[in-house]
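> model this:
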Amino acid sequence: MSEWPFVKEIWSFDELGSTSTVARSMVAGGAGELPFAVWARRQTRGRGQRQNAWWSDEGSLTFTLALDPAAYDLRLDQEPRLALATAVSLIEAVAALGLVDPGVGVRWPNDVEIGARKIGGILPERVETEKGDRILIGVGFNVATRTDLAPPAVERMATSLSALQPEPLSPEAVPVFLAAFLRRFPIDLSRLAADDPGLAAEWARLDLLLGRPIRVALGPRTLLGTARGIDPQGALLVDDGREVHQLFGGQVLRDR
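Down below sits the predicted model:
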């Protein structure tokens, strides 16, 4: 039995290319007792939404959770909201540790940001196995990350918890934050499975795009409008002046 909250096992590595790649191989081969986590103190080939690379160092938290959705009564139609539920848990972990969090919130569909700078990303995916479908939730979170040492493109758009504290955090804060997240996550997972309106109210309250003019790439076209919130189904509402669009997919474009 694991000494960590929620998970039965944590597979810890000093360095990996991708925690999600390892977790996917493990569930495909039936290895590990669910739920488990694969945690790398340094990840060299992490990926985010749309195959975007995720830069990290030893102060970054990079891990992948593997779980059986049936064990938590999680329905297929609820899975698109899993990134939002995970984001709520990450933000609650910041608060639980008493860290300064000036304006930390959710950037739909799967990022956590502070002041328009990314601090975390979430990538859920479903994997089919002989024993049934499994859910992987890849998480990258900048706890004590030295974003000032990151490539210029990353440094411009990223920040870390450490950079916002009165005193910088050390890499030793990473496992402490992971434990805080794992204590919170099963609460929000249960709320998601139960269609708890309180969870939807949380991601709506934490919505950083609300009221802002945005551009959303939808395949070959771009929708221009004003963000009107994230609804209980996890959809982004965008008002283009003629109607309010309910978006379950798309990329909110960043201003360069």
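> chain neighbours aside, what residue packs nearest to Thr86?
Once flanking residues are discounted, Thr86 sits nearest to Ile122: 4.8 Å by C-beta to C-beta, 6 or more residues apart in numbering. All C-beta spots, glycine's among them, are computed from the backbone N, C-alpha and C.
> remind me what the helix or strand that that neighbour is a member of packs against, helices and strands.
Using DSSP states H and E, Ile122 sits in strand 117-129. Helices and strands touching strand 117-129, by 3 or more C-beta pairs under 8 Å, 6 or more residues apart in numbering; DSSP states H and E, are helix 19-28, helix 82-96, strand 111-114, strand 132-142.
> nearest to Ser56, out of these?
strand 132-142 (6.2 Å; C-beta to C-beta).
> distance from the chain centre to that closest one, please.
What separates the centre of strand 132-142 from the centre of its chain is 9 Å, taken as C-alpha atoms, centre = their mean, to the nearest Å.
> just the angle for the strand holding Ile122 relative to helix 82-96, thanks.
130 degrees (axes from the mean of the first three to the mean of the last three C-alpha atoms, to 10 degrees).
> from the chain's centre, how far out does strand 117-129 sit?
Using C-alpha atoms, centre = their mean, the distance from the centre of strand 117-129 to the centre of the chain it belongs to is 6 Å.
> got a list of contacts for it?
20, 24, 27-28, 30, 47-49, 54, 69, 79, 82-83, 86-87, 90, 104, 107, 110-113, 133-142, 157-161 (C-beta atoms under 8 Å, 6 or more residues apart in numbering).
> hey, where'd the strands end up in the stretch 101-250 of the chain?
104-107, 111-114, 117-129, 132-142, 213-218, 221-230, 236-239, 244-247 (DSSP state E, counting those that start in this stretch).
> which among these is found nearest to Ser60?
strand 132-142 (5.8 Å).
> by contact count, what packs against that closest one?
helix 19-28, strand 46-47, strand 60-67, helix 82-96, strand 117-129.
> please identify the most buried of the ones you listed.
Ranked by mean neighbour count, the helices and strands packed on strand 132-142 are led by strand 60-67 with a mean of 26 (mean count of other C-beta atoms under 10 Å).
> for it, which strands pair with it and how are they oriented?
strand 36-40 (antiparallel), strand 132-142 (antiparallel) (DSSP bridges).
> and the angle from the last one to helix 19-28?
Orientation note: strand 132-142 sits at an angle of 160 degrees relative to helix 19-28 (the same axes, to 10 degrees).
> show me which positions of strand 132-142 end up buried.
The neighbour-count check on strand 132-142 (16 or more other C-beta atoms under 10 Å) flags 134-142 as buried.
> give me the mean pLDDT for that strand.
The average pLDDT within strand 132-142 is 96.
> chain neighbours aside, what residue packs nearest to Asp73?
Ala193 (4.6 Å).
> take the helices and strands packed on strand 117-129 and write them to JSON lines, including distance to Leu247.
Below are these laid out as JSON lines (distance: least, C-beta to C-beta, whole Å):
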{"stretch": "helix 19-28", "distance to Leu247": "25"}
{"stretch": "helix 82-96", "distance to Leu247": "13"}
{"stretch": "strand 111-114", "distance to Leu247": "15"}
{"stretch": "strand 132-142", "distance to Leu247": "22"}
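> and the ones you listed: which comes nearest His245?
With C-beta to C-beta as the measure, helix 82-96 is the member of these nearest His245 (18.1 Å).
> on that earlier part again, touching, the residue nearest to Asp73 and Leu76? I think so.
No. Counting by C-beta atoms under 8 Å, Ala193 stays clear of Leu76, with 11.9 Å between them.
> what's the pLDDT at Ser2?
60.
> so who does Thr147 touch?
Counting by C-beta under 8 Å, 6+ apart, the residues that Thr147 touches are 154-155, 158-160, 163.
> try Leu224
213-215, 240 are the contacts of Leu224 under C-beta under 8 Å, 6+ apart.
> what subset of those is buried?
Ile214.
> nearest to Pro186 among the contacts of Leu224?
Ile214 (32.7 Å).
> for the nearest residue to that closest one once chain neighbours are set aside, give the beta-bridge partners.
Nearest residue to Ile214, sequence neighbours excluded (C-beta to C-beta, 6+ apart): Ala227, at 5.1 Å. Assessed by DSSP bridges, Ala227 has beta-bridge partners Val238.
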